[in-house]
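Participant: okay, structure incoming, though there's no sequence with it:
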């Protein structure tokens, strides 16, 4: 019985010590170091121009305007978050649909129609598959280079730019494969659109 | 070609890092001096002093087990209360409410058992305080507990005619202080540099470039034309409409938790969609580090095992058995996902090739990871009992989804959880020498110790705990009519969602076919029961085996001894693992993923 009581006391003691060590000290150290060394990254990689926060470069926004570059399919939710006055705020999540399901087929078909009618100039080339699929987070900020190039004729025409100028913007906003081999080359959709709007240079 | 180079890189890096770490872990757990001792040794001694623990105490197996159980019970209790009361506590800038009792119980069990099954969404249902003080702590200590129990078993093998198998408190302290905390510090700072958030501030709001029109209930209005605050559809003004102009950028103390959830095979994401979330896993580099961490410690424990029993070949054999299954699984998932589903390939307007894009089945996958990094992660995370995801397994092709499910159903022994994967595999090794011994008519022995009915009974229970929990759990659930409300897909895929949930809980994995709505009282409790059963029954069995082994004498090796370090044994071990998995789950898999594939 005494042994049991001793073990109980030690067990409670260890829960407390580990909570202080791993919960408080460890977390505080990482927070301190992280914010001193990488202040912008630690706070969500916000793109701020002249005091206005235009987005996080890591989070997608939904674009369907024909002047803008479009991204991955989003599953936008306006009820996950609300501000203090109860106004709806935007967030997004994945579809979690089986790629063999009817529901998935319907979404793809609708998306294909929408893209075809918005991009008549691009018709000879096929639509890159990431433009018609929902990402894992629903907040994927990037698309493939193929998906960005596909939209160039439409973007150029609607913004009165040459295709070269649009291609240059895409190049500026592209993250290339690491060492030319690893990962994927991707284009940040929000940054391209902020350049089109003249907010980012 | 470049794809194959990528897959090879991930596997090679894993092996290169695991070997030296294995040596380090073995030294730490045997109480030898390591290069970090200078800094950490004083802290370690301090803890023993404060808690009046004798460092070199030698517990018998029942005492060891009692300590594990009591420590887990109190950890569970603290977490359970913390989550229910979080609404009234500080450290809650997002003003989230307390969890319901069943969800809180499920979550507490989930983190104490190193499962990290998540029936909640972190950014909207947990306060910063609960994440840091509750979940992060359990991420460390549940992994530490796994390592401790493994080394208790190892002592059972190496010690001769003794009673004690070490002290749980010393083992736990060393595992956390020397192994987990240093690795987690390096990794989390690196993750912040890549863009993983680590901020105590409330969530940011940013301006949307294209505002969204919604009705009063927050439903999006299609084809709306927005001018200022006015919303019209086909030229008709909508009076009830609101315009959403802001996006939420959720913040919090993510990086510190993400690092340890990867390293400790916990897997509970800071954000709801786990490491698919761009703020939890922003770049290829962050993904590389998080992905290697999935298997780093479980793989290195194989080498630590070999060094500790002073026979490195034994560790290599176990590693090889795990590695071979891993590579085969990786190959199958990679191929399944690279070939796009028919919905995409049959549409002649779509390009599913790999020119300037990842191509293939991109549903549920992030552009920056493509197919290669998503498939590799999917296999690593279900091989290890980690369960974090960087793509949605629910949207994998039927065969790809089946392979990751099967990896969990094998009992999480293909590397498996930190500590528990290897002690699970050692139970399979005991089973294998027993079967092999029967075939050649010899008394089975493993690592110089005789295997007798007592060890066999416990080993069988350890090996069957996961299948029992999965099949009974999902069997009961399938019989309940209301379960259909939780399913996101219909038909065979719906059944797969449910089977996956019980496989994940019973494998202490924690990943999900995430369309499954798991936050109901029945599911919270039944999945909670599965997690407890599959975590603690094996711990009891393993410690019982250790306690019995430690008292035995060592048998000299003779020409007739069955070698447990050659290719034949590796093959036999894989065969036994697959045999039990295939026999237990073939009928269930036939109803789910296989039915979907063939339809």
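Facilitator: Structure received. Treat the numbers as computed from the prediction; the structure is a model and nothing was measured.
Participant: next structured bit after the longest strand anywhere in chain A?
Facilitator: Looking across chain A with DSSP state E, the single longest strand is strand A:76-82. Once the chain leaves strand A:76-82, the next helix or strand it forms, by DSSP states H and E, is strand A:88-92.
Participant: strand A:76-82 and that next one, what's the angle between them?
Facilitator: For strand A:88-92 against strand A:76-82, the angle by axes from the mean of the first three to the mean of the last three C-alpha atoms, to 10 degrees is 120 degrees.
Participant: distance from the next helix or strand after strand A:88-92 to the middle of the chain?
Facilitator: The helix or strand immediately downstream of strand A:88-92 is helix A:102-118, counting by DSSP H and E. Helix A:102-118 sits 21 Å away from the centroid of its parent chain (C-alpha atoms, centre = their mean, to the nearest Å).
Participant: now do helix A:102-118: which elements does it pack against?
Facilitator: With contacts defined as 3 or more C-beta pairs under 8 Å, 6 or more residues apart in numbering or on different chains; DSSP states H and E, the packing partners of helix A:102-118 are strand A:127-128, helix B:342-345. To be clear about C-beta, it is placed using only N, CA and C from the backbone, and glycine gets the same treatment.
Participant: quick check: chain neighbours aside, which residue is closest to residue B:238?
Facilitator: residue B:231 (4.7 Å; C-beta to C-beta, 6 or more residues apart in numbering or on different chains).
Participant: OK, contacts around the residue in the stretch 401-550 of chain B that chain A sits nearest to?
Facilitator: In the stretch 401-550 of chain B, no residue comes nearer to chain A than residue B:515, which is 3.3 Å away by C-beta to the nearest C-beta. Contacts for residue B:515 (C-beta atoms under 8 Å, 6 or more residues apart in numbering or on different chains) come out as A:95-97, B:394, B:487-489, B:497.
Participant: and which of these is nearest to residue B:428?
Facilitator: Using C-beta to C-beta, the shortest approach to residue B:428 within the contacts of residue B:515 belongs to residue B:497, at 28.4 Å.
Participant: how about the residues of the stretch 401-550 of chain B near chain A?
Facilitator: Contact residues, the stretch 401-550 of chain B versus chain A (C-beta under 8 Å from any C-beta of the partner chain): B:488-490, B:493, B:513-515.
Participant: secondary structure class for residue B:222?
Facilitator: Here residue B:222 takes the coil state, with states given by DSSP: H, G, I helix; E, B strand; the rest coil.
Participant: related to what we said a few turns ago, host element of the residue of the stretch 401-550 of chain B closest to chain A?
Facilitator: Per DSSP H and E, residue B:515 falls between elements, in no helix or strand.
Participant: please work out how many residues are found near the residue lying closest to it once chain neighbours are set aside.
Facilitator: Closest residue to residue B:515 apart from its sequence neighbours, by C-beta to C-beta, 6+ apart: residue B:488 at 2.6 Å. A count of neighbours around residue B:488, defined by other C-beta atoms under 10 Å in any protein chain shown, yields 19.
Participant: would you confirm that residue B:488 contacts residue B:518?
Facilitator: No - assessed by C-beta atoms under 8 Å, residue B:488 is found out of contact with residue B:518, at 10.8 Å.
Participant: average pLDDT for the strand or helix carrying residue B:578?
Facilitator: Using DSSP H and E, residue B:578 falls within helix B:567-589. For helix B:567-589, the mean per-residue pLDDT is 90.
Participant: by contact count, what packs against that helix?
Facilitator: With contacts taken as 3+ C-beta pairs under 8 Å, 6+ apart, helix B:567-589 sits against helix B:312-338, helix B:398-409, helix B:420-440, helix B:453-479.
Participant: redo that, cut-off 10 Å
Facilitator: Identification of packing neighbours for helix B:567-589 by 3 or more C-beta pairs under 10 Å, 6 or more residues apart in numbering or on different chains; DSSP states H and E yields helix B:312-338, helix B:398-409, helix B:420-440, helix B:453-479, helix B:491-506.
Participant: list the buried residues in the shortest one.
Facilitator: Within helix B:398-409, the residues that qualify as buried are B:398-409, counting by 16 or more other C-beta atoms under 10 Å in any protein chain shown.
Participant: tilt between whichever strand or helix holds residue B:287 and helix B:420-440?
Facilitator: For residue B:287, the host element (DSSP H and E) is helix B:284-308. Per the same axes, to 10 degrees, the angle that helix B:284-308 makes with helix B:420-440 is 50 degrees.
Participant: which elements pack onto helix B:284-308?
Facilitator: Applying 3+ C-beta pairs under 10 Å, 6+ apart, one finds that helix B:284-308 makes contact with helix B:2-29, helix B:137-158, helix B:181-194, helix B:254-263, helix B:312-338, helix B:370-383, helix B:420-440.
Participant: just put those helices in JSON lines and tack on mean neighbour count, mean pLDDT and distance to residue A:158.
Facilitator: Formatted as JSON lines, the helices and strands packed on helix B:284-308 follow (neighbours: other C-beta atoms under 10 Å in any protein chain shown; pLDDT from 0 to 100; distance: least, C-beta to C-beta, whole Å):
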{"stretch": "helix B:2-29", "mean neighbour count": "17", "mean pLDDT": "94", "distance to residue A:158": "35"}
{"stretch": "helix B:137-158", "mean neighbour count": "27", "mean pLDDT": "96", "distance to residue A:158": "49"}
{"stretch": "helix B:181-194", "mean neighbour count": "21", "mean pLDDT": "97", "distance to residue A:158": "34"}
{"stretch": "helix B:254-263", "mean neighbour count": "30", "mean pLDDT": "95", "distance to residue A:158": "38"}
{"stretch": "helix B:312-338", "mean neighbour count": "20", "mean pLDDT": "95", "distance to residue A:158": "35"}
{"stretch": "helix B:370-383", "mean neighbour count": "28", "mean pLDDT": "94", "distance to residue A:158": "29"}
{"stretch": "helix B:420-440", "mean neighbour count": "23", "mean pLDDT": "92", "distance to residue A:158": "55"}
